[in-house]
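Enquirer: I would like to see how this sequence folds:
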Amino acid sequence: MGASAANDTETNLARSFVSVAALVVLFSVAPIWESIHLTALANTDLWWHLRTGLWILQNRALPHSGLFSQSGALPWSDTSWAFDAVLGAAYKLFGLRALVILSMGFRLAFAAIAYMLARKSGARFWPAVLLSAVAQFVVPSLQPGPSSMSVLFFAIELILIARARISGELHPLLWLPLMFAVWANFDVQVVSGLVLLVLFLLASAGENAVRRSQITFLRMRRSPLPMKYIGAVLGASALCTLANPYTYHVFFEYGRTLYSIAGFRYFAEMHAMAFRSSQEYLLMLLIMTAYLALARRRSLAILELALLIASTLLAFRIQRDAWIAVLASVTIIAAGFADEETDVDEPESNWQKPLIPVLTGVIFLLAAWRIPDEGSLLGKIGQNYPVKACNFIVSHHLSPPVFNSYSWGGFLTWYLPDYPVFIDGRMELYRDEDVDRYFDLISGKGRLESDPAFASAQTILLEQKSGMAKALINIPQLSAQYQLAYSDDVAEVFVRE
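Expert: Residues are numbered from 1 along each chain as shown. Reported below is the predicted structural model:
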């Protein structure tokens, strides 16, 4: 008996070490990958968020007009002001390293929250680890930004709803109004969180109707929560969403910013999936598995079915929003394990659970320590952005206004704040007709000299060998007006004669 007990102890200890190691690896791989590849530096929108955050910290105020833009007279609501301020503060502390560290932090947070979502929804240890790993692979483009904050907040909302439904208690839902008050200051996609609560309320109404009916082949897995309490939480959360400097305007910005006509027309992330990458095929497999998990249930799951259908339609229509389908699928697949017995592989000892964040934190710090210095990071940035061309513009005191490429607009607001940009990635600021006008110009649909903004530009900053740059060189009437002043492997600078 003594030998058997010792063997059991050794076996349990070995399992505990394996599970601890598995979680540490699960949480650490993505941050290490980011510290090596530095993908955050290629995020085109991150730069105008950074410049705006620095402006907020310097002026201790919030913007209401188009800062750093030639459209400065237009109204602009910086609905992600809280993220911008945090980004600016991090930059003041760590410089350009802050961008990479924040990206590493987002990847770590997503890995942990995806695992927690699977566990709280009912999955056992190893299936939860697998679901978190798959979720990280399917959503590889998680970058520091307001939308990434919405991914984390949405996952937390799903966790709280899952805890409330499984336990039958309402207290997990009481955290939602406070979360929405914070979320509303980080991103307009807080509205998506409210839509989820509306689905939750409608699903509870349907579950109550089924329970009161006499249809014997329909049964509920658990007693539905009282609708009046869910409605109260929804109402309180909606009111707390107004706790932001722009109040109800976030609801209008939600549709105008995220689902603008110009966005659908010009940006690849708004297009339907083409199924040319392994991530897209794995997403389809994940969603199919979620539908299969729902079909195998012996009870009605109205909320899960409604959420999965809505997120599937959204994900396959708009690539950018595929993360909603990922989180919904993780929740539904994990719920298929809800009736399983206690998981012996889950770390439970008092010394095991603290060991996971300690080891993960050490690895995170070591990965952050190896991030290159400021000069090297700026050189890395110069591989994608016109760093040298901007230095030429400043050193030669070239005259504004500047006509710039769309993809570089955000970077120019940070690197050349004294030269207002023609256009950048702030969809809250520019109207659809402004975006249409820019893309018509660069695609050759309109005469350059007939456009007022281009005709008034004194400095033209374009990608190397772009179509517009070739036109300025090869078309006689244009080459007579504009002279190539600078050229490198990334950019070309033209000045008006």
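
Enquirer: Quick one: name whatever helix or strand follows the helix or strand harbouring Val358.
Expert: Using DSSP states H and E, Val358 sits in helix 352-369. Counting by DSSP H and E, the next helix or strand C-terminal to helix 352-369 is helix 374-381.

Enquirer: Could you tell me the average pLDDT over that following helix, please?
Expert: Here the mean pLDDT over helix 374-381 is 94, rounded to a whole number.

Enquirer: Which residues does that helix contact?
Expert: With CB atoms under 8 Å, 6 or more residues apart in numbering as the contact definition, helix 374-381 has outside contacts at 38, 41, 95-97, 100, 371-372, 387, 411. (C-beta placed from N, C-alpha, C; glycine too.)

Enquirer: Compare those residues and tell me which is most surrounded.
Expert: Going through the contacts of helix 374-381 with other CB atoms under 10 Å as the criterion, the one with the most neighbours is Phe411, at 28 neighbours.

Enquirer: The helix or strand that one falls within packs against which elements?
Expert: Counting by DSSP H and E, the element that carries Phe411 is helix 406-415. Taking 3 or more CB pairs under 8 Å, 6 or more residues apart in numbering; DSSP states H and E as contact, the helices and strands that helix 406-415 lies on are helix 46-59, helix 387-395, helix 432-442, strand 459-463.

Enquirer: can you list those in JSON lines and add mean pLDDT?
Expert: Conversion of the helices and strands packed on helix 406-415 to JSON lines gives the following (pLDDT from 0 to 100):
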{"stretch": "helix 46-59", "mean pLDDT": "96"}
{"stretch": "helix 387-395", "mean pLDDT": "96"}
{"stretch": "helix 432-442", "mean pLDDT": "87"}
{"stretch": "strand 459-463", "mean pLDDT": "94"}
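
Enquirer: Among the ones you listed, pick out the one with the most neighbours on average.
Expert: Using mean count of other CB atoms under 10 Å, the stretch among these with the greatest mean number of neighbours is strand 459-463 (a mean of 22).

Enquirer: Let me see the ranges of the strands in the chain.
Expert: 402-404, 459-463, 482-487, 491-496 (DSSP state E).

Enquirer: So which of those strands is the most surrounded?
Expert: Note that of these, strand 402-404 is the most buried (mean count of other CB under 10 Å), with a mean of 24.

Enquirer: Direction included, what does it pair against?
Expert: Each strand pairing with strand 402-404, determined using DSSP bridges, is listed with its direction: strand 459-463 (parallel).

Enquirer: Counting neighbours, which bits of stretch 131-144 end up buried?
Expert: Of the residues in stretch 131-144, those buried under the neighbour-count criterion (16 or more other CB atoms under 10 Å) are 131-136, 138-139, 142-144.

Enquirer: TSV please, covering these and showing pLDDT and distance to Asn208.
Expert: Conversion of the buried residues of stretch 131-144 to TSV gives the following (pLDDT from 0 to 100; distance: CB to CB, whole Å):
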residue	pLDDT	distance to Asn208
Leu131	96	30
Ser132	96	33
Ala133	96	37
Val134	95	34
Ala135	95	32
Gln136	94	37
Val138	92	35
Val139	87	34
Leu142	78	37
Gln143	83	41
Pro144	86	42
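
Enquirer: Show only the entries of these found in helices.
Expert: Judged by DSSP state H, the subset of these located in helices is 131-136, 138.

Enquirer: any chance of those in CSV, plus distance to Ile161?
Expert: As requested, these are arranged in CSV below (distance: CB to CB, whole Å):
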residue, distance to Ile161
Leu131, 17
Ser132, 19
Ala133, 23
Val134, 21
Ala135, 18
Gln136, 22
Val138, 22
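
Enquirer: In the helix holding Val358, which residues are buried?
Expert: By neighbour count, with 16+ other CB under 10 Å as the criterion, the buried positions of helix 352-369 are 352, 355-356, 359-360, 363-364, 367-368.

Enquirer: before we move on, back to that, pipe the helices and strands packed on helix 406-415 into TSV and attach distance to Asp424 per row.
Expert: Below are the helices and strands packed on helix 406-415 laid out as TSV (distance: least, CB to CB, whole Å):
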stretch	distance to Asp424
helix 46-59	5
helix 387-395	14
helix 432-442	10
strand 459-463	12
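
Enquirer: ok, now which ones touch Gly467?
Expert: By CB under 8 Å, 6+ apart, the neighbours of Gly467 are 442-444.

Enquirer: ok, and what's touching stretch 258-276?
Expert: Outside stretch 258-276, the residues within contact range by CB under 8 Å, 6+ apart are 188-189, 280-281, 283-284, 315-320, 322, 427, 432, 435-436, 439.

Enquirer: Between the two ends of it, how far is it?
Expert: With CA to CA, to the nearest Å as the measure, the first residue of stretch 258-276 is 24 Å from its last.
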